[in-house]
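Asks: sharing a model that was predicted from the sequence below.
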Amino acid sequence: MALTKVNSLEFNEIKAQLKAYLKGQSEFSDYDFEGSSLSTLLDVLAYNSYYSAVNANLAINENFLDTAVLRENVVKLAKLIGYTPRSARSARATFTVVIQTTYGTGSNGRGYPESVQINKGVFASFTGEGGANFVFSIPKDLIVSVNTLDGKATFTGVETFEGIFITDTFVKTESERQRFVLGNLAADTSAMSVEVTRGTITDAYLMATDITAVNNISKVFFLEESESKRPELVFGDGVLGEKLVNGDVIEVTYPTSSGSAPNGLTGFSFAGTVKDSRNAPITSGISLTLTARPDGGALAESIDSIKYSAPKFYSSFGRAVTTKDYEAIIPQIYPNVQSIVAFGGEEADPPEYGKVIVVIKPKNADRLSISEKDAVQKKIRSYSVGAVEPKIMDPSVLYIDLSSYVYFNPNNTRRTQAEINQIIYRTLETLNASAEFNKFGGKFKYSKIQKIIDDAEPSITSNITKVKMRKNVPISLNQRFNYKICYGNRINAQLETPTLSTNGFKRADGGNQVFYLNDDGLGTIRLYYVTTNGSKQYIGGNWGTIDYTYGEVRINDLIITEVVNSTDNIIQFSVIPESNDLVSLRETYLTLGIDNLVVNVLEDEISSGSNTSGTGVVPESSYS
């Protein structure tokens, strides 16, 4: 018989097929393979076939973007479709510095100095607990004039970059294979400057982004990632970009990055070097104010991100036409994106025709700051075509608050109720950090949550988990409050028990009394306070409405003076959903409300045998 049947690449099955083949030969028809010397030879043949199959499988996989594992191969495959992986990004922060100069230090020994200069390099520093130290630097010297009346020099809108600026110098030689690879893995190429000196003339070179605008004398370079994961510069060949000549000196200056750790930090101290117009150092009278927190810091693009982004970037051809184009391009502009969604303005409520609505959830906050939003809006316009206007919208974060009653059999575990409680918390925290949540376009699957809780610990027998939807609404104190809250999911109308609840607040004309909001089950919002005997005292008035079908809450004419137990002046509006399966609508961003998570671990008396008859056992209600 011929050895033609190949249906497995596992070692044991390969060996079994070899045995079956040999037993089919007349010479080995009655041969006992087990314990014989020939068995060892079959092991070697099976191992050789197995390793060859694995090697061939890996080699084939590395030829395709979706299945490649090695970063070097993923980068090369992305390069074939014109995609360059994003380098590390330094967090950027904006400061204002006011420097008080000394009278009598002017050029003639009288008055104030004419100007003050902050030297390029380290500008500000942050020192935190556990050795979390960061420095922010500026790429060039800053000079401003001194106010002749008060002697103050004010530097406003100083943009700084986390890390230090490094300069790599290369000299062009006659070698045709010369490469210009940066020396630091954490180089931020978005803040990189390139200068080429030929003789006594120095020219600035720009990164080429559109080859249709490049000719044989364009002073440009192309950016790639080398096999060592470091950024690499490729200069023109005389057709696409000016060609370097022997002896050219290339200086590349860039900041290094510590990733996303500095994002959102506050509490900086000035660490720069200052001198006046007479070159005298200034070490006192320096006031530093942070005007825009650090943001945008990120590590180099991961392999998974390259696989995801490269095909989408290729399909956009460097232009933002469809909504998917915006979703592909913006992460290259602003790498601190945790999740992004774009949709046509005609889908908005109310419609905004001629616009593309882009919703960005950053990694370190619920929404973009004003400066971040302006920066992204400005950059994305260069990719937009025609009369389409991009609009950056804040995400609407929908928190899913869980209240779970978990039953366990103490006979099946040595863990205490408190330990099981912590296991469930950690399990749900891990789930919330996964791709299942923390994204636009997601879905909360109630049955899956119940199974995850049941599987968190072997002794758990069942769980009754209640679900609420929550929106956090920031309040402007002492101003009339009219607000529309959209959950994007139906709300359960309950006549006996209110579905809407809020945290406490104080209002104008209410004295020191703490008030709350709920609903009557018929669509009317009610305002009340709790009396000393625990009953609710309702206040007459038109406080708002609730649309259970469309999942909308409208609040009317509240003037709030204080939000109780909230440093951020946030009122939490919680409602019970009509369905425990929740979806993300347009700008709605789903996430588990870990801060409001409630887990109660109880003994399952029937399963444990302590009450086999079930007498007196009343399970927790499945309704809130």
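Replies: Sure thing, it's come through.
Asks: from now on I want contacts and neighbour counts done on CA atoms only, so please keep to that.
Replies: Noted.
Asks: now the spatially most central residue of the chain: phi and psi?
Replies: With distances taken as C-alpha atoms, centre = their mean, residue 338 lies nearest the centre of the chain, 2.5 Å away. Here is the backbone geometry of residue 338 (degrees, to the nearest 10): phi -90, psi -40.
Asks: with residue 427 instead?
Replies: phi -60, psi -40.
Asks: excluding chain neighbours, what is closest to it?
Replies: Among residues not flanking residue 427 along the chain, residue 456 sits closest, at 6.7 Å (C-alpha to C-alpha, 6 or more residues apart in numbering).
Asks: gap between the one you found and residue 400?
Replies: The gap separating residue 456 from residue 400 is 19 Å, by C-alpha to C-alpha, to the nearest Å.
Asks: the two: which is more packed in?
Replies: residue 400 (21 against 17; other C-alpha atoms under 10 Å).
Asks: now that that one has come up, it's in contact with residue 466, right?
Replies: No - the pair residue 400 and residue 466 does not pass the contact test of C-alpha atoms under 8 Å, sitting 10.1 Å apart.
Asks: hmm, back to that, the residue nearest to residue 427 and residue 421 touch, don't they?
Replies: No - using C-alpha under 8 Å as the test, residue 456 is too far from residue 421 to be in contact (9.9 Å).
Asks: quick one: the helices in the stretch 501-624 of the chain?
Replies: For the stretch 501-624 of the chain, the helices defined by DSSP state H, counting those that start in this stretch cover 605-608.
Asks: low pLDDT regions in it?
Replies: 608, 610-618, 623-624 (pLDDT under 70).
Asks: can you show me the strands along it?
Replies: 501-502, 505-507, 516-519, 525-530, 536-539, 544-547, 552-563, 570-575, 582-583, 588-592, 598-603 (DSSP state E, counting those that start in this stretch).
Asks: what residues sit buried inside the fourth one?
Replies: Buried residues in strand 525-530, counted by 16 or more other C-alpha atoms under 10 Å: 525, 526, 527, 528, 529.
Asks: as TSV, those residues with distance to residue 83 would be great.
Replies: Output for the buried residues of strand 525-530, formatted as TSV (distance: C-alpha to C-alpha, whole Å):
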residue	distance to residue 83
525	53
526	56
527	56
528	58
529	60
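Asks: excluding chain neighbours, what is closest to residue 292?
Replies: That would be residue 94: by C-alpha to C-alpha, 6+ apart, it lies 4.9 Å from residue 292.
Asks: hey, what's the one you found bridged with?
Replies: residue 159, residue 292 (DSSP bridges).
Asks: quick check: it touching residue 138?
Replies: No - using C-alpha under 8 Å as the test, residue 94 is too far from residue 138 to be in contact (10.5 Å).
Asks: which of the two has more neighbours?
Replies: Each of residue 94 and residue 138 has its neighbours counted (other C-alpha under 10 Å); residue 138 has more, 23 against 19.
Asks: quick check, pLDDT for the residue nearest to residue 292.
Replies: Looking at residue 94, its pLDDT stands at 92.
Asks: also residue 80?
Replies: Residue 80 is assigned a pLDDT of 83 by the prediction.
Asks: that's all I had, so thanks and see you.
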